[in-house]
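Undergrad: Okay, here's the prediction I keep looking at, along with the sequence it came from:
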4 protein chains.
Amino acid sequence: MGEKSEQKKEHILGCARKVFVEKGFRSVTMKDIVEASEISRGGLYLYFSNTAEIFLEVLKRETEADDDVFSVSISEDATATDILLLFFKEQKKELLRRRGDLSIATYEFYFARGREERENHLRDQYDAGVRILKHLIDQGIASGEFYEVDSSVFAGNIMLVIEGLKILSRTRRISEKLVDTQFAHLLQQLCMEDE
Amino acid sequence: MGEKSEQKKEHILGCARKVFVEKGFRSVTMKDIVEASEISRGGLYLYFSNTAEIFLEVLKRETEADDDVFSVSISEDATATDILLLFFKEQKKELLRRRGDLSIATYEFYFARGREERENHLRDQYDAGVRILKHLIDQGIASGEFYEVDSSVFAGNIMLVIEGLKILSRTRRISEKLVDTQFAHLLQQLCMEDE
Amino acid sequence: MGEKSEQKKEHILGCARKVFVEKGFRSVTMKDIVEASEISRGGLYLYFSNTAEIFLEVLKRETEADDDVFSVSISEDATATDILLLFFKEQKKELLRRRGDLSIATYEFYFARGREERENHLRDQYDAGVRILKHLIDQGIASGEFYEVDSSVFAGNIMLVIEGLKILSRTRRISEKLVDTQFAHLLQQLCMEDE
Amino acid sequence: MGEKSEQKKEHILGCARKVFVEKGFRSVTMKDIVEASEISRGGLYLYFSNTAEIFLEVLKRETEADDDVFSVSISEDATATDILLLFFKEQKKELLRRRGDLSIATYEFYFARGREERENHLRDQYDAGVRILKHLIDQGIASGEFYEVDSSVFAGNIMLVIEGLKILSRTRRISEKLVDTQFAHLLQQLCMEDE
DNA sequence: CATGAATGAGAGTTCATTCAT
DNA sequence: GATGAATGAACTCTCATTCAT
């Protein structure tokens, strides 16, 4: 039962995710999710009692998956510069993607809830990004690849630029060139020898 | 008549603004605005036919007011550095403000509409910011205050950081220190002699 | 004033007629007529207090105009057959006309009111038609053109067929051929020598 | 479930029919039907989404029932004249009925819709009447009961007279005598020996 | 556990009608 | 007389949520 239950829950979350990607958070109704998951109206309420609850679950799974992205496919002997370039490349791909992404829904969700919320994946994600970048920059400095910047501040700066680009990209069209230029700008301030 | 009509319209927009500040865009109903402006149900429809129309009008007035902010209270003999500092100070005030601001509503509005929208105040505001900053940086370089950076890229960079801070601040609490540190970081890259 | 007042009333009725032709009776609102006649909302109420009142006035003027149609352009020495043919020709034109006619509005009006109504233009028009046709048939019989039918019944029969065709034509498309065939059928029963 | 659902649907249609008989089509609101069927506001929308949809469904059931009328209670050895008389008797009953009939609603419905509508029960009913009458007249001619008229035209003629009487009866009061006289007139033209 | 019919609250919108100017 | 802004009633339609089966 617990087995089957769990399976059904996952099914609902999978379908709900599609709906959130499509419509953001605010305009999604329980009805939308019922229809998308082809489950009964009452059935859905057995597992979740509102869209916020569902969204948080979706987001949780999302974040778990995301963590991999960061660490994946980095060869043993990669330099800090290599990793940073890879990171920017990933980010660029994300930024230019037209669809299939939960960012708008996530923003809408946290706009709707207060800022005070204890659980805040948006914050967690940002903080995690800063932490990892700081570590990377420290490595780069240690290896002599990067200038001796304040790694904490610089990491924050990078994440803010990415955050800015993200909101821009969700709010209007942005050019690939803009992303390239800004990332190059960041690299230049950091790397002793730019690519 | 037109006089009085115009007055009433302004009254509605004023009340609607409060509602948008309070509740964002998506969850605001015509009824909310009717109640806030103490007007009759049908009365509102005499002036506006949906919340989007009202919001755009509110935003228009906002932007008009905003333009002043940039140009106001700059003394004749202010240096580029002075102006930049003033600009950061203004932005900081905005960023740390807890209430009374339309940014969440604006984001929600442009999330709800497509990215393709011709009229896009969010974009216009960003573009205007870049333009003005670029001009300022060029001046600073000419006067020898600033390093010879690519003014266009740097202006974009500043706006993106601000944009990033803005979304952070609307999405969780941010510390005054974060803003200070980041602005200092930007200044340091630009100004030959930091304060 | 009375002069000017009368003029304004006529103006309203003219505009209202167009609206009734366009939209029938039921769906016409005071607002429609206000807009069509470019008069003020309150102004309209000075002259009429609802659409039924307006429609009756429109209809009255219509009927007055219609009476002419019957008597118009009949030369002195026209035979009963000539006149009947002319009558059918007129009716055919009316029946096949696509637009510009009040019949639907009139039906809707009398559907909406009870059947008991004292004033009933639809009835008056039908009765007038019967009366005139009866007189014509009597003439035709007297002149030896027509068979000796019961003129009253036959006149009624003709008007009913026309009435039937009218409702058909307003309710679906009808072919010219149907009208021709039926009119020919009527003539054949009446005239000793068909055309 | 489907069972019960179907039952409820029938219940709604039954109540709706009463409303349409009472008020015609145009002035009937969803609310009227909600109240008549003592169902919840939202409940009605579970089954139908507007009055037109409901009306068409009512009409469909009506037409199905009507078909019987034509064919019912005709004994094996009935002559064409017998059947025609029976037909006229049925029609007369319909025409003189004061209440309980959908004709006004039906007219209003097809006035409101365009003439171009593919589905058109009014047309179908008329066409069916013509077809059946033509067949009957052919039989009568074959058996020597009727004159050798053009059965197609004559059938059309009968239906038009009935149509004319119908619209008259819905639009004002009509006398039983009028119906009798007109039907007698039709019979006289057709039957070699009138009753 | 699961279903989906049923409910009712509430948003949107349109108009007839009034009334101060 | 004339205007048109303002009101509020009435209707349409959609959903979250419940509950009998």
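TA: Nice, thanks for sending it over. Residues are numbered from 1 along each chain as shown, chains lettered A, B, ... in the order given.

Undergrad: and the closest residue to A:R123 other than its chain neighbours, how many neighbours does it have?
TA: Closest residue to A:R123 apart from its sequence neighbours, by Cβ to Cβ, 6 or more residues apart in numbering or on different chains: B:R172 at 4.5 Å. C-betas here are computed from N, CA, C, even on glycine. B:R172: 18 surrounding residues under other Cβ atoms under 10 Å in any protein chain shown.

Undergrad: doesn't A:Y107 make contact with B:R172?
TA: No: the criterion here is Cβ atoms under 8 Å, and B:R172 misses it with A:Y107 at 11.7 Å.

Undergrad: who touches both of those two?
TA: Here B:R172 and A:Y107 have A:L122 as joint contacts, going by Cβ atoms under 8 Å, 6 or more residues apart in numbering or on different chains.

Undergrad: distance between the ends of stretch A:44-58?
TA: With Cα to Cα, to the nearest Å as the measure, stretch A:44-58 spans 15 Å from end to end.

Undergrad: Which residues does it contact?
TA: With Cβ under 8 Å, 6+ apart, stretch A:44-58 has contacts from A:5, A:8-9, A:12-13, A:16-17, A:20, A:25, A:28-30, A:33-34, A:37, A:102, A:105, A:109, A:112-113, A:119.

Undergrad: Kindly give a single PyMOL line that selects the buried subset of those.
TA: The buried residues among the contacts of stretch A:44-58 can be selected in PyMOL (16 or more other Cβ atoms under 10 Å in any protein chain shown) with this line:
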select buried, chain A and resi 8+12+13+16+17+20+25+28+33+34+37+102+105+109+112
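
Undergrad: near chain B, from the contacts of stretch A:44-58?
TA: Contacts with chain B within these, counted by Cβ under 8 Å from any Cβ of the partner chain: A:A112.

Undergrad: circling back: state the distance from the residue nearest to A:R123 to C:R41.
TA: For B:R172, the distance to C:R41 (Cβ to Cβ, to the nearest Å) stands at 52 Å.

Undergrad: lowest-pLDDT helix or strand in chain A?
TA: helix A:51-71 (a mean of 80; mean pLDDT, DSSP states H and E).

Undergrad: Quick check, the residue in chain A closest to DNA strand F?
TA: A:T29 (2.7 Å; Cβ to the nearest atom of the strand).

Undergrad: The closest residue to that residue other than its chain neighbours: neighbour count?
TA: Once flanking residues are discounted, A:T29 sits nearest to A:T51: 7.1 Å by Cβ to Cβ, 6+ apart. The tally of other residues near A:T51 (other Cβ under 10 Å) stands at 21.

Undergrad: Can you pull the domain assignment for chain A?
TA: A:1-57, A:73-195 (automatic domain parsing).

Undergrad: will you turn those into CSV that also has distance to D:V130?
TA: Shown next, in CSV, are the domains of chain A (distance: least, Cβ to Cβ, whole Å):
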stretch, distance to D:V130
domain A:1-57, 47
domain A:73-195, 58
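
Undergrad: So which of those is nearest D:G144?
TA: Among those, the nearest to D:G144 by Cβ to Cβ is domain A:1-57 (67.4 Å).

Undergrad: hmm, the closest one touching DNA strand E?
TA: Yes: using Cβ under 7 Å from any atom of the strand, domain A:1-57 reaches DNA strand E at A:M1, A:G2, A:K4, A:S5, A:K8, A:I39, A:S40, A:R41, A:G42, A:G43, A:Y45, A:L46.

Undergrad: Return stretch A:179-195 as PDB; C-alpha atoms alone will do.
TA: C-alpha atoms of stretch A:179-195 as PDB (Å, rounded to 0.1, in the frame of the first residue of the first chain):
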ATOM      1  CA  VAL A 179      25.000  36.500 -21.400                       C
ATOM      2  CA  ASP A 180      28.400  35.900 -23.100                       C
ATOM      3  CA  THR A 181      29.600  39.500 -22.500                       C
ATOM      4  CA  GLN A 182      28.700  39.500 -18.900                       C
ATOM      5  CA  PHE A 183      30.200  36.100 -18.200                       C
ATOM      6  CA  ALA A 184      33.400  37.200 -20.000                       C
ATOM      7  CA  HIS A 185      33.400  40.300 -17.900                       C
ATOM      8  CA  LEU A 186      33.300  38.300 -14.700                       C
ATOM      9  CA  LEU A 187      36.000  35.900 -15.900                       C
ATOM     10  CA  GLN A 188      38.300  38.800 -16.900                       C
ATOM     11  CA  GLN A 189      38.100  40.200 -13.400                       C
ATOM     12  CA  LEU A 190      39.000  36.900 -11.900                       C
ATOM     13  CA  CYS A 191      41.400  35.000 -14.200                       C
ATOM     14  CA  MET A 192      44.900  36.100 -14.800                       C
ATOM     15  CA  GLU A 193      44.800  34.800 -18.300                       C
ATOM     16  CA  ASP A 194      41.500  35.000 -20.000                       C
ATOM     17  CA  GLU A 195      40.600  32.400 -22.600                       C
END
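
Undergrad: my guess is A:L95 contacts A:I174, does it?
TA: Yes: counting by Cβ under 8 Å, A:L95 touches A:I174, with 7.2 Å between them.

Undergrad: Identify the contacts common to these two.
TA: A:L165.

Undergrad: hey, C-alpha coordinates of stretch A:19-30 in CSV?
TA: Taking Å, rounded to 0.1, in the frame of the first residue of the first chain, the C-alpha atoms of stretch A:19-30 are listed here in CSV:
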residue,chain,number,x,y,z
VAL,A,19,1.5,22.2,-15.1
PHE,A,20,3.7,24.6,-13.0
VAL,A,21,6.3,24.8,-15.9
GLU,A,22,3.4,25.7,-18.2
LYS,A,23,1.4,28.1,-16.1
GLY,A,24,3.6,29.3,-13.3
PHE,A,25,2.3,29.0,-9.8
ARG,A,26,-0.5,31.5,-9.2
SER,A,27,-2.8,30.5,-11.9
VAL,A,28,-2.5,26.8,-11.3
THR,A,29,-5.7,25.4,-9.7
MET,A,30,-6.3,22.0,-8.0
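
Undergrad: Run through who's touching it.
TA: Residues contacting stretch A:19-30 (Cβ under 8 Å, 6+ apart): A:16, A:32-33, A:36, A:41, A:44-45, A:50-51, A:55, A:58, A:99-102, A:104-106, A:108-109, A:112, B:26-27, B:108, B:111-112.

Undergrad: Let's test this: mean pLDDT of it, rounded?
TA: Across stretch A:19-30, the average pLDDT comes to 94.

Undergrad: what separates it from the chain centre, distance-wise?
TA: 18 Å (Cα atoms, centre = their mean, to the nearest Å).

Undergrad: Could you tell me which of the contacts of stretch A:44-58 are located in strands?
TA: Judged by DSSP state E, strands contain none of the contacts of stretch A:44-58.

Undergrad: What is the neighbour count of A:V19?
TA: A:V19, neighbours per other Cβ under 10 Å, totals 23.

Undergrad: re the thing from before, can you tell me which of the domains of chain A is nearest to C:I83?
TA: That would be, of the domains of chain A and by Cβ to Cβ, domain A:1-57, which comes in at 68.4 Å.

Undergrad: ranges for the helices of chain A?
TA: In chain A, the segments counted as helices under DSSP state H are A:2-23, A:30-37, A:41-47, A:51-71, A:80-96, A:103-112, A:121-142, A:151-171, A:176-190.

Undergrad: Show the model's pLDDT score for the nearest residue to A:I162 once chain neighbours are set aside.
TA: Among residues not flanking A:I162 along the chain, A:Q91 sits closest, at 5.6 Å (Cβ to Cβ, 6+ apart). pLDDT recorded at A:Q91 is 94.
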